[in-house]
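Student: Any chance you could fold what I've pasted below:
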Amino acid sequence: MPFARSADDVQLHYQVSGSGEPLLLLSGQANNLHWWDRVRPDFEREFTTVVLDHRGTGLSGKPEGGYATRTFAEDALSVLDDLGVDRCHVYGTSMGGRVAQWLAADHPERVRGLVLGCTSPGPPHGVERSAEVRRSLAQPDRLKARRALLELMYTPAWLERHDEPFTTHGGPFTTLGDPDMPPHARKGHLLASGNHNSWDALPSITAPTLVVHGTDDEFNPTANAPLLAKRIPDTRLHLVEGARHAYFEEFHHETGPLVADFLDAH
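Tutor: Below you'll find the model as predicted:
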């Protein structure tokens, strides 16, 4: 079981599979590497996929502090260093897209092609979710809050067809958060996402970039996609019609080939 060490000596668990050019996949907030379970097979025939448990999740260390999207980017770099990967493609979704922004801005020589999915430049320039959405996720009834999150992630049609959603590690869902995170780590991830602000760094990204977002995403509003596309040079924007936040899973038959073709071209 492979582990790397971060610059501040946190253990970082990762997995590698597939063959071809390396592709780093970065998961969303408070999620471990299983976020990508359904998506990785779309890429493994063309790419060597690398996934990791962010600090605070999965089998990685869970320090009391050190939670920031820029730190997560340095953690990802430590994994690449451990693998001896000098340059790779990077695909980040949700908070993973925020992490990918820093990786591409701070280490342009390490990023070959960049895909930013359902993500944001962060406040104060990004578009935040509505107060109504925030209330739905913060309601005291945990079952109702979970249902609200499900409905923000997936379309009603998908949820109707997936009473027992795809999983490879025994849990009910792979995108609704790591259930084993300690409270301090969960809070750290929340603050990391909330404090993210890459606006000034975005124009320095040199990697060819694809921005992907669902047209019906209220969890991370779709309006963030054109903001990123206008701010980052050499960027293509693709909106997935009817998709919500987990477009990369529900619509993977559309977006998997889209992303693979984009990265193949660069």
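Student: which is the next helix or strand following the longest helix along the chain?
Tutor: Longest among the helix segments of the chain by residue count, using DSSP state H, is helix 69-83. Remark: after helix 69-83, the chain's next helix or strand is strand 88-93, criterion DSSP states H and E.
Student: Which neighbouring elements make contact with that following strand?
Tutor: Contact partners of strand 88-93 among helices and strands, from 3 or more Cβ pairs under 8 Å, 6 or more residues apart in numbering; DSSP states H and E: strand 21-26, helix 95-106, strand 111-117, helix 252-264. In short, each C-beta sits where N, CA and C put it, glycine included.
Student: okay, these in TSV with mean pLDDT, distance to residue 70 and mean neighbour count next?
Tutor: TSV is the format used below for the helices and strands packed on strand 88-93 (pLDDT from 0 to 100; distance: least, Cβ to Cβ, whole Å; neighbours: other Cβ atoms under 10 Å):
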stretch	mean pLDDT	distance to residue 70	mean neighbour count
strand 21-26	98	13	24
helix 95-106	98	5	27
strand 111-117	98	15	26
helix 252-264	97	24	17
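Student: So for residue 194, which of the ones you listed sits nearest?
Tutor: Closest to residue 194 of these, according to Cβ to Cβ: helix 95-106, at 10.1 Å.
Student: For that closest one, report the contacting residues that lie outside it.
Tutor: 25-29, 35, 54, 69-70, 72-73, 76-77, 90-92, 110-111, 114-122, 189, 192-193, 196, 198, 201-202, 204-207, 209 (Cβ atoms under 8 Å, 6 or more residues apart in numbering).
Student: Give me the buried entries from the residues you listed.
Tutor: Among the contacts of helix 95-106, those buried by neighbour count (16 or more other Cβ atoms under 10 Å) are 25-29, 35, 54, 69-70, 72-73, 76-77, 90-92, 110-111, 114-122, 189, 192-193, 196, 198, 201-202, 205, 207, 209.
Student: doesn't residue 29 make contact with residue 178?
Tutor: No - Residue 178 lies out of contact with residue 29 (Cβ atoms under 8 Å); the separation is 10.0 Å.
Student: Return the residues in contact with the nearest residue to residue 42 once chain neighbours are set aside.
Tutor: Spatial nearest neighbour of residue 42, chain neighbours left out: residue 256 (3.2 Å); criterion: Cβ to Cβ, 6 or more residues apart in numbering. The neighbours of residue 256, taking Cβ under 8 Å, 6+ apart as the test, are 39, 42, 43.
Student: 10 Å - rerun?
Tutor: Residue 256 makes contact with 38, 39, 40, 41, 42, 43, 248 under the criterion Cβ atoms under 10 Å, 6 or more residues apart in numbering.
Student: By neighbour count, which of the residues you listed wins?
Tutor: residue 248 (30 neighbours; other Cβ atoms under 10 Å).
Student: Now do the contacts for the closest residue to residue 145 other than its chain neighbours.
Tutor: Residue nearest to residue 145 in three dimensions, not counting chain neighbours: residue 139, with 5.0 Å by Cβ to Cβ, 6+ apart. By Cβ under 10 Å, 6+ apart, the residues touching residue 139 are 145, 146, 147, 148.
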